[in-house]
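Enquirer: Okay, predicted coordinates and the sequence, questions at the end:
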2 protein chains.
Amino acid sequence: MDTITTTNPPALVPTDRTRVRRLPARASYERATIDAILDEGLVCHVGFTVDGQPYVIPTVYARVGDELYIHGSAASRMLRTLENGIPVCLTVTLLDGLVLARSAFHHSVNYRSVVVLGTAVPVEDEADKRAALEAIVEHVVPGRTSSVRRPAAKEVRATSVLRLPLVEASAKVRSGPPLDDEDDYGLDCWAGEVPLRMTALAPLADPRLPPTISPPPSVVGYRRPAARGG
Amino acid sequence: MDTITTTNPPALVPTDRTRVRRLPARASYERATIDAILDEGLVCHVGFTVDGQPYVIPTVYARVGDELYIHGSAASRMLRTLENGIPVCLTVTLLDGLVLARSAFHHSVNYRSVVVLGTAVPVEDEADKRAALEAIVEHVVPGRTSSVRRPAAKEVRATSVLRLPLVEASAKVRSGPPLDDEDDYGLDCWAGEVPLRMTALAPLADPRLPPTISPPPSVVGYRRPAARGG
């Protein structure tokens, strides 16, 4: 019996569809790596196919254990084609830096990305939908749910939620300096990394907010990766 | 005769596939809006379908006039399926802020995104490939090309480049404060926006770089949107 399975899931088994072929040294199938990327990202890009045409739509999401949830209303075109589920690809990309090599050819970017394949199905049960919607708000701003008006029943009905199992997935990570051809290291050319960060600026109060209401710590100290429960 | 067409392209005509149905007030088909988003973004997400399964892969890109170019090698799975072109969706998303409403239901994000649909075809001509690869480097770091070793012929051959016409596309933009239900404005709950910015940190020199080589202005002052020719 492996008693730590719940908190520390085993590595996923790569399938023919998720095995990283290009630069496989950058690949990982470890849940710890995959989960950390999914939990740090804010927006995913969901791909689906309608009449042979792929569509890629940005939307917020949340991971809850071994499931991913997305807001169906953000992908209404997808939902119109949804009956018993639809094949999707959910990709999360964190851009960490620009990699400037001495040759044009070896320029690159440092990044962490996760690709999840599978069939997204609608969440029908109201309690399950509520839990998923709450998870999405908490994913974006941990601690937010407790201070806002919870959804009314008609708001829950008006929102579609899709569930995607986190089973067929892979991560890909590049970090570090450029890797130039040995002959190029002597060139008189600056090389290195320009690190990029997604940072939060000071919060902007709604113009209709009474000046007596101050932003809570979850807003003032906002950062990614988020401090859970902050 | 419209003599300014080249520098100021007309609005695109929405098709049944690109007309924004959900929250159409956020949509734009103006090339100025679309081009500004495409030119500010660093990474796009390209969607394509293989055996009924959609895939979404992040990759760098460049816009050159009415064409988009992507680095084929970043989407090798796509290229294996490519013969006379493949239907793709190229999406660029700029995340501008988190929109915190007084109700969970009206939480949102401020963003600018572009969705381009079409058929990506391989660029075969060596001069055209060189121009596209140079455009991709210049898109990421304007002015970089002149200071690096240009691609050798074998490097050009080893790199696949795809071209996608910028014809069937739409932009979608949300900005500003939350829009709450009128009844909720009296709630004792902070509401507003947490602005997000992608910022560059100080450049990190390659450990093998001689200390006599200083980073050029294009690197030290790096920012998006990039100063063209900087």
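Expert: Structure's in. What do you need?
Enquirer: Tell me the spacing between A:Ser146 and B:Ser175.
Expert: Look at A:Ser146 and B:Ser175: by Cβ to Cβ, to the nearest Å, they are 27 Å apart. Bear in mind the C-beta positions are built from the backbone N, C-alpha and C, glycine included.
Enquirer: just A:Leu196 next, same as before
Expert: Relative to B:Ser175, and taking Cβ to Cβ, A:Leu196 is found at 22 Å.
Enquirer: So which residues of chain A form strands?
Expert: A:27-28, A:43-50, A:53-64, A:67-71, A:86-100, A:108-122, A:161-165, A:168-174, A:192-200, A:204-205 (DSSP state E).
Enquirer: which one of those lies closest to B:Ala101?
Expert: strand A:204-205 (12.7 Å; Cβ to Cβ).
Enquirer: one step back: and A:Leu196 and B:Ser175? which has more neighbours close in?
Expert: Higher neighbour count among A:Leu196 and B:Ser175: A:Leu196, with 21 against 12, using other Cβ atoms under 10 Å in any protein chain shown.
Enquirer: On the strand side of things, show who the more buried one bridges to.
Expert: When assigned by DSSP bridges, A:Leu196 has beta-bridge partners B:Ala200.
Enquirer: wait, isn't it in contact with A:Gly97?
Expert: Yes: with contacts counted by Cβ atoms under 8 Å, A:Leu196 reaches A:Gly97, the gap being 5.3 Å.
Enquirer: remind me which residues of chain A are low pLDDT?
Expert: Scanning chain A for pLDDT under 70 picks out A:1-8, A:72-84, A:226-230.
Enquirer: hmm, try it at 50
Expert: Within chain A, the set of residues satisfying pLDDT under 50 comprises A:1-6, A:74, A:228-230.
Enquirer: Next one: A:Ser170 from A:Ala11, what distance?
Expert: Counting by Cβ to Cβ, the gap from A:Ser170 to A:Ala11 is 10 Å.
Enquirer: So the two - more neighbours on which side?
Expert: Of the pair A:Ser170 and A:Ala11, A:Ser170 is the one with more neighbours under other Cβ under 10 Å, namely 23 against 12.
Enquirer: was I right about the more buried one contacting A:Asp16?
Expert: No: here A:Ser170 lies out of contact with A:Asp16, judged by Cβ under 8 Å, at a distance of 11.7 Å.
Enquirer: How about the longest helix seen in chain A and chain B, any contact?
Expert: Counting by DSSP state H, the longest helix found in chain A is helix A:126-140. Yes: using Cβ under 8 Å from any Cβ of the partner chain, we find that helix A:126-140 touches chain B at A:133-134, A:137, A:140.
Enquirer: coming back round to it: A:Val220 is nearest to which of the strands of chain A?
Expert: The nearest among the strands of chain A, by Cβ to Cβ, is strand A:192-200 at 9.3 Å.
Enquirer: May I see the buried residues of the closest one?
Expert: Neighbour counts over strand A:192-200 (16 or more other Cβ atoms under 10 Å in any protein chain shown) mark A:192-196, A:198, A:200 as buried.
Enquirer: Run through who's touching it.
Expert: A:42, A:95-100, A:110, A:176-178, A:222-224, B:42, B:95, B:141, B:194-206, B:209, B:215, B:219, B:222 (Cβ atoms under 8 Å, 6 or more residues apart in numbering or on different chains).
Enquirer: Of those, keep whichever come out buried.
Expert: Buried, going by 16+ other Cβ under 10 Å: A:42, A:95-100, A:110, A:177-178, A:222, A:224, B:42, B:95, B:141, B:194-196, B:198, B:200, B:203, B:205-206, B:209, B:215, B:219, B:222, out of those.
Enquirer: Dump the residues of helix A:126-140 next to chain B into JSON lines; add neighbour count as well.
Expert: Converted to JSON lines, the residues of helix A:126-140 next to chain B look like this (neighbours: other Cβ atoms under 10 Å in any protein chain shown):
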{"residue": "A:Leu133", "neighbour count": "24"}
{"residue": "A:Glu134", "neighbour count": "19"}
{"residue": "A:Val137", "neighbour count": "22"}
{"residue": "A:Val140", "neighbour count": "23"}
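Enquirer: All set, thanks.
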